[in-house]
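1. just the structure for this:
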Amino acid sequence: MRSLIPTLHVTRPATSTGLAPKLGGLPWGLSTSLWPVCKECGQAMSLVAQLPVRDALDQLGPLAGQSELSDLVLHLFKCEGEDVCSFWNPDIGTNAAFFLSRNDLREGYTAAPESTTEILPELWVTGWKPFEDPVPPELAEAVNDPIRWLNDFTDDMLFPATHRTKLGGVPWWTGNGPQQVPNAPFAYLLQIDQFLEVEDAEHDVSFGNFCSDGTCYVFVDAESLRATMFINR
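-> As a prediction, this is how the structure comes out:
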């Protein structure tokens, strides 16, 4: 199954202005009143990603071909507070995943509402490379079943470590297998690994606290425009 691997740069392309797909940093144009706050510790969350649908997410995945969604922007946040809240849990308000219309965004970066808010490394998505997931189509539905994951998936289906941040295709789970997988109508959209290959950096970038070695997964309900995010180890 086809997926897309982002090409990441620390340096923003000289030709890029305004809202653009990226991981980390400060959000572009977000109203401070919409900045998510952790319900465990009360601290403003950190931006994980800001991804315009027309620039990225409509290339494939559950949103593909839905032109009426092209003005939307996916926002992902998680708590990075020192108290180590349960940011991996999608249901208790310690992370946030939501869509906003471009019309809801203003010009320019939005400063963090609190000086203690951790700002994750800003990495620009400068392109998408096609990749054929090594999971055969007949196993696509089994990938979310914990028992079948252990029994039916072999070493020759392993994803390269550099391809564990991707858009579309099927999720590739961490060593503990499928956990917290949401039920239909939610469908897999993308995942972001803690360790990221960056074109203009000397070493891989460690991207925040994803339980030391985890991966962030995002599922969406394209009809109701709901998104959910969780982190597995």
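2. any weak-confidence spans in this structure?
-> Judged against pLDDT under 70, the low-scoring parts of the chain cover residues 55-68.
3. can you check which strand is longest in it?
-> Taking DSSP state E as the assignment, the strand of the chain that covers the most residues is strand 123-132.
4. what residues does the next helix or strand after that strand touch?
-> Using DSSP states H and E, the next helix or strand after strand 123-132 towards the C-terminus is helix 146-152. Contacts made with helix 146-152 from outside it, assessed by Cβ atoms under 8 Å, 6 or more residues apart in numbering, are listed as L139, A142, V143, W173, G177, P178, Q179. In this view, the C-beta of every residue, glycine as well, is placed from N, C-alpha and C.
5. how far away is the residue of the chain most remote from its centre from W172?
-> For the chain, the residue at maximal distance from the C-alpha centroid (Cα atoms, centre = their mean) is N151, at 27.6 Å. Separation of N151 from W172 (Cβ to Cβ, to the nearest Å) stands at 17 Å.
6. try L23
-> Taken as Cβ to Cβ, the span from L23 to W172 is 18 Å.
7. who's more crowded, the two?
-> A side-by-side neighbour count of L23 and W172, using other Cβ atoms under 10 Å, places L23 first with 25 against 22.
8. for beta bridges, what are the partners of that one?
-> On DSSP bridges, the residues paired with L23 through beta bridges are A49, L123.
9. you'd agree it is up against E122?
-> Yes: using Cβ atoms under 8 Å, L23 is in contact with E122, at 7.4 Å.
10. so T162, which of the three states?
-> Using DSSP: H, G, I helix; E, B strand; the rest coil as the criterion, the local structure at T162 reads helix.
11. ok, for it, nearest residue in space, not its chain neighbours?
-> The shortest distance from T162 to any residue other than its chain neighbours is 4.8 Å, reached at E197 (Cβ to Cβ, 6 or more residues apart in numbering).
12. quick one, what contacts that neighbour?
-> Going by Cβ under 8 Å, 6+ apart, E197 touches L8, T162, D204.
13. now do the same contact list for the last one.
-> In this structure, D204 makes contact with F195, L196, E197, V198, judged by Cβ under 8 Å, 6+ apart.
14. cool, and V181?
-> N144, F219.
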